[in-house]
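Colleague: Only the shape, not the letters, is given here:
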């Protein structure tokens, strides 16, 4: 995670480990679980009486928690527009911001576009240096040589990674409170929080 106001990064996990496993053991998740992350209090959603917590967005590799939202599993609804599919689409669209961040980072620091041919102990140093430089450039508005027409148009850097939303067949380890939060977001996206283009986009 990196931006101009707050920086947290966890570097050095082995590539064979899953994203969810790495996240479970990192300091960021420990702070989240111990409620020391200073997450803002719940707020009302726009044009709604739903009071919901601030959440992190993850794909199917991450657990569903009160402050972590993941997609509904499987392809629900077949060829029909269902609230679950709308929720998955809206989650995927929001996650594009995350994909954009990593895509821009890699496009700016091309060393990460390929396998690093350096000693493993030096990888952390290179990664930390690039993150620090990236934040410095962002703070001082030094734009990378990247074209982003809008949040939907694919830039050339998008080819570096896959932006699909692929779900497993079932959810594991879901807690009831988190399921209630996800259900409320699902209902919101299909009702007062709906946008006019979402149903057509869901079916594409």
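Modeller: Structure received. Computed from a predicted model, the values in this text were never measured in an experiment. Residues are numbered from 1 along each chain as shown.
Colleague: Can you give the contact residues for the helix or strand bottoming out on mean pLDDT in the chain?
Modeller: Lowest on mean pLDDT, DSSP states H and E among the helices and strands of the chain sits helix 198-202, with a mean of 81. Contact with helix 198-202 is made by 81, 85, 86, 89, 90, 93, 189, as judged by Cβ atoms under 8 Å, 6 or more residues apart in numbering. In this view, the C-beta of every residue, glycine as well, is placed from N, C-alpha and C.
Colleague: how about those, which pair is most distant?
Modeller: Greatest spatial distance among the contacts of helix 198-202 (Cβ to Cβ): 81 and 93, at 15.0 Å.
Colleague: show me where this protein has helices.
Modeller: Using DSSP state H, the helices found in the chain span residues 19-24, 27-33, 83-108, 120-139, 176-190, 198-202.
Colleague: got the ones you listed as TSV, with mean neighbour count and distance to residue 10 columns?
Modeller: TSV is the format used below for the helices of the chain (neighbours: other Cβ atoms under 10 Å; distance: least, Cβ to Cβ, whole Å):
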stretch	mean neighbour count	distance to residue 10
helix 19-24	15	7
helix 27-33	14	7
helix 83-108	18	14
helix 120-139	14	10
helix 176-190	17	23
helix 198-202	15	33
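Colleague: Out of those, flag the one nearest residue 55.
Modeller: Checking the helices of the chain against residue 55 by Cβ to Cβ gives helix 176-190 as the closest, at 7.3 Å.
Colleague: tell me what the closest one is packed against?
Modeller: strand 51-52, strand 68-69, helix 83-108 (3 or more Cβ pairs under 8 Å, 6 or more residues apart in numbering; DSSP states H and E).
Colleague: If we use 10 Å, what do you get?
Modeller: strand 51-52, strand 68-69, helix 83-108, helix 198-202 (3 or more Cβ pairs under 10 Å, 6 or more residues apart in numbering; DSSP states H and E).
Colleague: Take these and lay them out in TSV including distance to residue 123.
Modeller: Shown next, in TSV, are those (distance: least, Cβ to Cβ, whole Å):
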stretch	distance to residue 123
strand 51-52	39
strand 68-69	27
helix 83-108	15
helix 198-202	38
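Colleague: between those, which one is nearest to residue 30?
Modeller: strand 68-69 (13.7 Å).
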